[in-house]
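Asks: Next comes the sequence, and after it the predicted model I'd like to discuss.
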Number of protein chains: 2
Amino acid sequence: MAARDYGQYSGITQAMEIVGERWALLIVRDLLVGPRRYGELAAGLPRIPTNILAARLKELQAAGVIRRAPRSRVIVYELTPYGRELEPVILALGAWGFKAMGDPREEQIITPDSMTMDLRTTFRPDVAATLPATAYAAHFGSTELLIRVDGPSLDVRRGDGAADLAFASGPGIRRLIAGELAPDRAIESGVVQVLSGQGNLLHRFADTFHLAA
Amino acid sequence: MAARDYGQYSGITQAMEIVGERWALLIVRDLLVGPRRYGELAAGLPRIPTNILAARLKELQAAGVIRRAPRSRVIVYELTPYGRELEPVILALGAWGFKAMGDPREEQIITPDSMTMDLRTTFRPDVAATLPATAYAAHFGSTELLIRVDGPSLDVRRGDGAADLAFASGPGIRRLIAGELAPDRAIESGVVQVLSGQGNLLHRFADTFHLAA
DNA sequence: CTGAATCCGTTGCGATACTG
DNA sequence: CAGTATCGCAACGGATTCAG
């Protein structure tokens, strides 16, 4: 820590010394979705070496950002209250990065947790509050998310369920959320495939989840 | 980039691939205060190796976060509009880290730019708007800042100037801002030394710059 | 089978020296 | 003053092995 600290006394350097190491904030991101087991974290961060994951978990624990908790016979990792206060940081960073996203590279995948946080990032509670409560079932490759919007509140969880609109999409969904692609065009061009429900509900989805440039 | 990317298609991983490298966000932090020359950046980041600074500047430029600009015969680095959009990220990170700060370690220093951003982080525009316009001259070791609060707006610049309250302080100022130390106690205990003006203006300062736990 | 620890090759970082 | 070059080391990446 002596050679790797920033030698400065300020809020940002302090934060960087705690969560500035590679992978640390991505672990926090996934834990913002919910408590996770070691293997679940490894699965959500496909390229993380197992020794690095173990090291980060220890460091984040020592810093009071996460804790190990026994949950019905197995260990899960979860954020402490202080760790949960990183949510605004993750959301701000996610919004900033979202604008720089292009088309996905070959090896880039979408995980349920990363998609969940991207949805939280782009969610507009003020807009949603003016719209009727709606449930969307979204299929991104093999990951299925049930997205429930009710007034200004958002709930995303894995799995399927009753929904007003069910659709499948690849990474092209980003262009819909970014406003680069109109909902109608998204359906016409096959970027989004409506599986059930009225296709024009995709307008509502695009209004609810949107990040202006 | 192939071995060091995160292999995921999401806003946060995209952001981390651009500004996630060591030192990158600290460079952005200092540039949020204003355009800076190479040597000024090096001086503000005392422990950064010069080759790393050069490398980061190139990477940030390539990513469209900063640009080199000629300013009256010399080159300065400045944020692009997109780079400036990192301000909410830096402020959120700074606020989070601020809460974890303890007493400074031996080698930790305070730079004018880092202190300026810490002040911006803890500035409460809503509170300031209810208070009279006030100018503070703050001396932290060898760095002098002129802090002008006028309604909900804050202006911090280096150097001295006419002020309603001039004071000197060491890193103990953090405890004042964190609310751990009352303004009166700060003066009594010598943590803050009033150089000119009415000492009770320090109350106003503590109200204006404050971060609750 | 999950949750790691170990080993080793590679890369990025830290420190210092050097150059236009 | 604004970088570039060099070198040792610590951290990372990948695979394998080990413990509960």
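Replies: All right, it came through fine.
Asks: can you map out the strands along chain A?
Replies: Listed in chain order, the strands of chain A (DSSP state E) span A:66-71, A:74-79, A:134-140, A:143-150, A:153-158, A:165-169, A:192-197.
Asks: do you know how far the residue most central in space within chain A is from chain B?
Replies: Most central residue of chain A, judged by C-alpha distance to the mean C-alpha position with Cα atoms, centre = their mean, is A:M117 at 1.7 Å. As for A:M117, its distance to chain B is 7 Å (criterion: Cβ to the nearest Cβ, to the nearest Å). For glycine as for every other residue, the C-beta is placed from the backbone atoms N, C-alpha and C.
Asks: repeat for A:I48
Replies: The span separating A:I48 from chain B equals 9 Å under the rule Cβ to the nearest Cβ.
Asks: who's in contact with that residue?
Replies: A:I48 makes contacts with A:W23, A:L26, A:L41, A:A42, as judged by Cβ atoms under 8 Å, 6 or more residues apart in numbering or on different chains.
Asks: quick check, nearest of these to chain B?
Replies: Taking Cβ to the nearest Cβ as the measure, chain B lies nearest A:L26 of those, at 6.6 Å.
Asks: In contact with the closest residue to that closest one other than its chain neighbours, which residues?
Replies: Beyond its immediate neighbours in the sequence, the residue positioned closest to A:L26 (Cβ to Cβ, 6 or more residues apart in numbering or on different chains) is A:L45, lying 5.8 Å away. By Cβ under 8 Å, 6+ apart, the residues touching A:L45 are A:W23, A:L26, A:I27, A:D30, A:L53, B:Y6, B:Q8.
Asks: Isn't A:A95 up against A:T122?
Replies: Yes: the pair formed by A:A95 and A:T122 meets the contact definition of Cβ atoms under 8 Å, at 7.4 Å.
Asks: Common neighbours of those two, please.
Replies: Between them, A:A95 and A:T122 share the contacting residues A:L211, judged by Cβ under 8 Å, 6+ apart.
Asks: For chain A, name the helix or strand with the lowest mean pLDDT.
Replies: Taking all helices and strands of chain A together, the one with the lowest average confidence (mean pLDDT, DSSP states H and E) is strand A:66-71, at a mean of 94.
Asks: Any part of that one near chain B?
Replies: No: shown here: strand A:66-71 not in contact with chain B (Cβ under 8 Å from any Cβ of the partner chain), separated by at least 14.0 Å.
Asks: Take that strand, keep the C-alpha atoms, and write them as CSV.
Replies: Coordinates of the C-alpha atoms in strand A:66-71 are reproduced here as CSV (Å, rounded to 0.1, in the frame of the first residue of the first chain):
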residue,chain,number,x,y,z
ILE,A,66,-18.8,-5.6,1.5
ARG,A,67,-19.3,-8.3,4.0
ARG,A,68,-19.6,-12.1,4.0
ALA,A,69,-22.9,-13.3,5.2
PRO,A,70,-24.2,-16.8,5.7
ARG,A,71,-27.5,-17.3,3.9
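Asks: How about that strand and DNA strand D, any contact?
Replies: No: if you take Cβ under 7 Å from any atom of the strand as the test, strand A:66-71 misses DNA strand D, and the best it gets is 12.6 Å.
Asks: Return the residues of chain A in contact with DNA strand D.
Replies: A:A3, A:R4, A:E21, A:R22, A:W23, A:R47, A:I48, A:P49, A:T50, A:N51, A:I52, A:A55.
Asks: was I right about the fourth one contacting A:I52?
Replies: Pointing back at A:R22 there. Yes: contact between A:R22 and A:I52 holds when scored by Cβ under 8 Å: they sit 7.5 Å apart.
Asks: sorry, back to before: who does the least confident helix or strand of chain A touch, helix- and strand-wise?
Replies: Using 3 or more Cβ pairs under 8 Å, 6 or more residues apart in numbering or on different chains; DSSP states H and E as the contact criterion, the elements in contact with strand A:66-71 are helix A:24-33, helix A:50-62, strand A:74-79.
Asks: can you list the ones you listed in CSV and add distance to B:R105?
Replies: Listed next are those as CSV, based on distance: least, Cβ to Cβ, whole Å:
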stretch, distance to B:R105
helix A:24-33, 21
helix A:50-62, 17
strand A:74-79, 26
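Asks: Export the ones you listed to a markdown table and append columns for distance to A:A166, mean neighbour count and mean pLDDT.
Replies: What follows is those, written out as a markdown table (distance: least, Cβ to Cβ, whole Å; neighbours: other Cβ atoms under 10 Å in any protein chain shown; pLDDT from 0 to 100):
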| stretch | distance to A:A166 | mean neighbour count | mean pLDDT |
| --- | --- | --- | --- |
| helix A:24-33 | 21 | 23 | 98 |
| helix A:50-62 | 34 | 15 | 96 |
| strand A:74-79 | 30 | 16 | 96 |
